[in-house]
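J.: Need coordinates for the following:
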Amino acid sequence: VSNVQPLKPEREPHVDTYKLLREGRRLYHSGGLPKGVSTGWPGIDEFYTVGLGQWTVVTGIPGSGKSEWLDALLVNLAERDDWFFAIYSPENYPTVGHMVKLVEKRVRKPFGAGPTERMTEEEYVEGAHWVAERFLWLDSDLKTPEMLIETALSYQTDGRKLGVVLDPWNTLEHQRGGMSETDYVSFVLTEVTKMARASNAHVWLVVHPAKMLRNKDGSRPVPGPYDISGSAHWYNKADNIITVHRDQTEGQDVEIHVQKVRFKNLGRVGLATLKYDRIIGRYFEMPHCVHGEMYADPERGHVRVVS
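T.: Numbering: from 1, shown residues only. As a prediction, the model looks like this:
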């Protein structure tokens, strides 16, 4: 027995320090730790850029437009780089309606007839093909967060950035077993972190806040990280937390509150304000304007009037 040699591990159980030194030197010569991928809104990029291998919580009170803003972000990303998105969004039903909303954002014209010039059939076909090449919707039979993310990651291909959207969290099937809600949320979010890191994808989780009382003036407060329904682990575990907030009775201003950014090279806590064009579902950066003023669209080089 004394002659038995211990098995040598297949690899050393530590990180190669010299490899880290070489990688650090490469980053030094490139200017430092890189920022994430641009959101398409320079004012938001100051606070939040999209880092690969990470995940983001998007929250906001019902009707604040968190899903609409996230869709606009995905279209911005897909227009600027080679992204592919796997989406689970049962509240965007029927799915063809969700696809049409993405086409409107791409074409910059409404789908339906109305006072604003609608897209032509040719523009619809072109826009729909563009969406179909960059977005897919996960089967509604997939219920648990782990199953959905694992399935989404199976669509990853070399050379394309992958984004995964689960919207909203409360529609998923949560198999807690004997765990408390707090322990369950901690466990699942740790698994989300592991999967995002291992795949170098970015995961967005849309989560509702707990019910909040109105302010004395009747306005709704901005939900904070600890207001997210379920557990304080949402704040502890998330890489990034964004709250989308707007006054649903006045104007088109939408506040994007970046409430947590784990890595300082990717952003910082702060607030940016966008203008929402409800006709085509896009968001723009510009000085405060009144109803009916022209919006400059930097992607298409034209202006349009929002009525």
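J.: And the pLDDT at residue 250?
T.: Confidence at residue 250, expressed as pLDDT, is 62.
J.: err, residue 155, not the other one
T.: Residue 155 is assigned 91 on the pLDDT scale.
J.: what separates it from residue 161, distance-wise?
T.: Look at residue 155 and residue 161: by CB to CB, to the nearest Å, they are 12 Å apart. For the C-beta atoms, the positions are set from N, CA and C on the backbone; glycine is no exception.
J.: any common contacting residues for the two?
T.: residue 84 (CB atoms under 8 Å, 6 or more residues apart in numbering).
J.: Do a quick rundown of the strands in the stretch 151-300 of the chain.
T.: Across the stretch 151-300 of the chain, reading from the start of the chain, the strands by DSSP state E, counting those that start in this stretch fall at 161-166, 202-207, 240-245, 253-261, 270-277, 282-284, 294-297.
J.: Reformat those as a markdown table; add distance to residue 63 and mean pLDDT.
T.: Converted to a markdown table, the strands of the stretch 151-300 of the chain look like this (distance: least, CB to CB, whole Å; pLDDT from 0 to 100):
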| stretch | distance to residue 63 | mean pLDDT |
| --- | --- | --- |
| strand 161-166 | 19 | 96 |
| strand 202-207 | 13 | 96 |
| strand 240-245 | 10 | 96 |
| strand 253-261 | 12 | 95 |
| strand 270-277 | 12 | 94 |
| strand 282-284 | 16 | 95 |
| strand 294-297 | 22 | 41 |
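J.: I'd like to know which of those strands is closest to residue 57.
T.: strand 240-245 (4.6 Å; CB to CB).
J.: Tell me how far the closest one lies from the chain's centre.
T.: Strand 240-245 has its average C-alpha position 10 Å from the chain's average C-alpha position, going by CA atoms, centre = their mean, to the nearest Å.
J.: Check which helices and strands it is in contact with.
T.: Under the contact definition 3 or more CB pairs under 8 Å, 6 or more residues apart in numbering; DSSP states H and E, strand 240-245 sits against strand 54-59, strand 253-261.
J.: Relative to the longest one, what are the paired strands and their orientations?
T.: Applying DSSP bridges, strand 253-261 is found paired with strand 240-245 (antiparallel), strand 270-277 (antiparallel).
J.: One more: the first one?
T.: When sheet partners are counted by DSSP bridges, strand 54-59 sits next to strand 202-207 (parallel), strand 240-245 (parallel).
J.: Tell me, how many residues neighbour the closest residue to residue 36 other than its chain neighbours?
T.: With CB to CB, 6 or more residues apart in numbering as the criterion, residue 36 has its nearest non-adjacent residue at 3.2 Å, and that residue is residue 49. The criterion is other CB atoms under 10 Å. On that basis, residue 49 has 19 neighbouring residues.
J.: where exactly do the helices run in the protein?
T.: Under the criterion DSSP state H, the chain carries helices at the ranges 17-29, 42-45, 66-80, 95-107, 121-132, 145-153, 181-199, 233-237.
J.: who touches the longest one?
T.: Residues outside helix 181-199 that contact it (CB under 8 Å, 6+ apart) are 53-55, 145-146, 149-150, 153, 156, 162, 174, 176, 179, 201-203, 205, 230-234, 236-239.
J.: just the angle between it and helix 145-153, please?
T.: 20 degrees (axes from the mean of the first three to the mean of the last three CA atoms, to 10 degrees).
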